[in-house]
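Peer 1: Got a predicted structure here, sequence first:
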Amino acid sequence: MNVVEASGLGKRYGGTWALRECTLAVPAGHVTALVGPNGAGKTTLLNLAVGLAAPSAGRVTVLGGRPAGSPAALDGIAFVAQDTPLYRNLSVADMIYLTRNLNRHFDRAYAEARLAELGIPQKRKTRKLSGGQQAQVALTLALARRPRLLVLDEPVAMLDPVARHDFMDTVLAAASADGVSVLLSSHVLAELERAAGYLVLLSRGQVRLAGEVKGLLATHEATSLEELALSYLRQHATEVAR
Ligand SMILES: Nc1ncnc2c1ncn2[C@@H]1O[C@H](COP(=O)(O)OP(=O)(O)OP(=O)(O)O)[C@@H](O)[C@H]1O
């Protein structure tokens, strides 16, 4: 089963296509990494998948329904946007209260236990937390919604190496122990290496490579996801320049 399916999907801003002719399937029960240079169209694709943007062309389904038109699909998706979306003037406890009231399946016990484990005080205003702690709070709130699909846009960009590692451990545990499907964009290829089973490589608004990481490494005779992505993007950049 696929959690996201796109067919001829495109998004245009004015005269510029941010995403073009995107056809792909994101499989259930895996971590799928969305990789590509700045401006490649990663955020655009994620926004289309979660219903925050409407397609200019083609179609996308998520958890079997149209993103914006299907309450069942929206209920099953947790999305953490690029800029760690917490209300800065609210405390962590307030964020839990707010999220709980907006979500039917919110697991408060899980959220509180996880924040205690991380040593994040519930009384503290979110603006006073470190970048890593803010990212962990956003991830905890997302996971406590008990989603079937977790969508993360650049979740580890602001984190130090240890915080990155811990964050990705949590994401991996959610995928392997709880069967949550994960779609995440990141520039931190080393962290994706151990997490991602599937890869989607975007460049200049188009999907250049998509599939199971193991298969792609074998086909392209690469030893790591980092090597595969870098060599493919460099080669493609040269082809475009010619
Ligand atoms: N709201 C918008 N209005 C106009 N152009 C936009 C808008 N959002 C994105 N774009 C353009 O679409 C293209 C793709 O942007 P997008 O944010 O999806 O890239 P990205 O791969 O997420 O980049 P980054 O790695 O830098 O976050 C870029 O050229 C960007 O300038």
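Peer 2: That came through, no problem. Please read all numbers here as calculations on a predicted model, not as lab measurements.
Peer 1: any idea how far residue 213 lies from residue 144?
Peer 2: 29 Å (CB to CB, to the nearest Å). Yep, even glycine has a C-beta here, placed from its N, CA and C like the rest.
Peer 1: Checking residue 61 next. Helix, strand or coil?
Peer 2: strand (DSSP: H, G, I helix; E, B strand; the rest coil).
Peer 1: can you list contacts of the helix or strand hosting residue 32?
Peer 2: Using DSSP states H and E, residue 32 maps to strand 31-35. Contact partners of strand 31-35, identified using CB atoms under 8 Å, 6 or more residues apart in numbering, comprise 26, 42, 45-46, 171-172, 175, 181-187, 189, 192, 195-202, 213, 225, 229.
Peer 1: Can you list the strands that it pairs with?
Peer 2: Strand pairing for strand 31-35, using DSSP bridges, gives strand 181-185 (parallel), strand 198-203 (parallel).
Peer 1: any idea which of those strands is most buried?
Peer 2: strand 181-185 (a mean of 26; mean count of other CB atoms under 10 Å).
Peer 1: picking up where we left off before, which element follows the strand holding residue 32 toward the C-terminus?
Peer 2: helix 42-50.
Peer 1: That following helix near the ligand at all?
Peer 2: Yes: using CB under 6 Å from any ligand atom, helix 42-50 reaches the ligand at 42, 43, 44.
Peer 1: Let me know the closest of the residues you listed to residue 135.
Peer 2: residue 43 (16.6 Å; CB to CB).
Peer 1: Run a quick neighbour tally on the residue nearest to the closest one when sequence neighbours are not counted.
Peer 2: Counting by CB to CB, 6 or more residues apart in numbering, residue 43 lies nearest to residue 153, which is 5.6 Å off, once chain neighbours are set aside. Neighbour count for residue 153, taken as other CB atoms under 10 Å: 22.
Peer 1: my guess is residue 153 contacts residue 185, does it?
Peer 2: Yes: in this structure, residue 153 is within contact of residue 185 by CB atoms under 8 Å, at 5.3 Å.
Peer 1: Mutual contacts of those two, please.
Peer 2: In contact with both residue 153 and residue 185: 42, 43, 46, using CB under 8 Å, 6+ apart.
Peer 1: I'd say the second one and residue 53 touch.
Peer 2: No: using CB under 8 Å, residue 43 is not in contact with residue 53; the gap is 9.2 Å.
Peer 1: Tell me if the helix or strand that contains residue 194 is near the ligand.
Peer 2: Following DSSP H and E, the helix or strand that holds residue 194 is helix 189-195. No: with CB under 6 Å from any ligand atom as the criterion, the ligand is not reached by helix 189-195; the gap is at least 12.8 Å.
Peer 1: Tell me which residues are up against that helix.
Peer 2: Taking CB under 8 Å, 6+ apart as the rule, helix 189-195 contacts 31, 33, 35, 156, 164-165, 168, 171-172, 175, 186, 199, 224-226, 229-230.
Peer 1: at 7 Å instead, please
Peer 2: 31, 33, 35, 156, 164, 168, 171-172, 186, 224-226, 229 (CB atoms under 7 Å, 6 or more residues apart in numbering).
Peer 1: do stretch 222-235 as well
Peer 2: So stretch 222-235 is contacted by 35, 37, 189-190, 192-193, 196, 199, 201, 203, 208-209, 213, 216-217, 220 (CB under 7 Å, 6+ apart).
Peer 1: give me that answer again for 8 Å
Peer 2: 33, 35-37, 189-190, 192-193, 196, 199, 201, 203, 208-209, 213, 216-217, 220.
Peer 1: Show the average pLDDT along the strand holding residue 32.
Peer 2: On average, the pLDDT along strand 31-35 is 95.
Peer 1: For that strand, buried residues please.
Peer 2: 31, 32, 33, 34, 35 (16 or more other CB atoms under 10 Å).
Peer 1: Next, the angle from that strand to helix 42-50.
Peer 2: 140 degrees (axes from the mean of the first three to the mean of the last three CA atoms, to 10 degrees).
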